[in-house]
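Enquirer: coords please:
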Amino acid sequence: MIIRKGEHPFVRWDTVVFFAQAFLEKLSTIEEWLANGSAVPEVAVSESLLCEIQNGFVASDLTKNRVRDFVSAYRTKQANG
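Expert: Now for the predicted structure:
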């Protein structure tokens, strides 16, 4: 999947979403990255772009099963309220 320049403010040039490298991380680790500046929050993605990325995770043969299962479960939970 390619996210085109301008589809999100953070994307400054056409960018490939490489599903094979996706991984899950503990919330505590992400909070640590935010606290120490290793990660910096950016503008949230639009609902439509998020949906496209999630569709890619589910459809790609390169997505690890654990990641695909997480995304599928999250989407099901969101759909059921």
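Enquirer: just how off-centre is the helix ranked longest in the chain within its chain?
Expert: Criterion DSSP state H: the longest helix present in the chain is helix 65-79. Chain-centre distance of helix 65-79: 12 Å, with CA atoms, centre = their mean, to the nearest Å.
Enquirer: and it, C-alpha only, in CSV?
Expert: Extracted C-alpha coordinates of helix 65-79, given in CSV (Å, rounded to 0.1, in the frame of the first residue of the first chain):
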residue,chain,number,x,y,z
ASN,A,65,-0.8,-13.6,11.9
ARG,A,66,-0.6,-12.0,15.4
VAL,A,67,-0.8,-8.5,13.9
ARG,A,68,-3.6,-9.5,11.5
ASP,A,69,-5.6,-11.1,14.3
PHE,A,70,-5.2,-8.0,16.5
VAL,A,71,-6.4,-5.7,13.7
SER,A,72,-9.3,-8.0,12.9
ALA,A,73,-10.3,-8.2,16.5
TYR,A,74,-10.0,-4.4,17.0
ARG,A,75,-12.2,-3.8,13.9
THR,A,76,-14.8,-6.3,15.1
LYS,A,77,-14.9,-4.6,18.6
GLN,A,78,-15.2,-1.1,17.0
ALA,A,79,-18.1,-2.3,14.7
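Enquirer: for the residue nearest to the spatial centre of the chain, helix, strand, or coil?
Expert: Against the mean C-alpha coordinate of the chain, by CA atoms, centre = their mean, the closest residue is Ile53 at 6.5 Å. Taking DSSP: H, G, I helix; E, B strand; the rest coil as the rule, one finds Ile53 in the helix state.
Enquirer: Now it: closest residue in space that isn't a chain neighbour?
Expert: The shortest distance from Ile53 to any non-neighbouring residue, by CB to CB, 6 or more residues apart in numbering, is to Val17 (6.1 Å). No exception for glycine: its C-beta is placed from N, CA and C like everyone else's.
Enquirer: Do me a favour and get the backbone dihedrals for the one you found.
Expert: Main-chain dihedrals, Val17, degrees, to the nearest 10: phi -90, psi 110.
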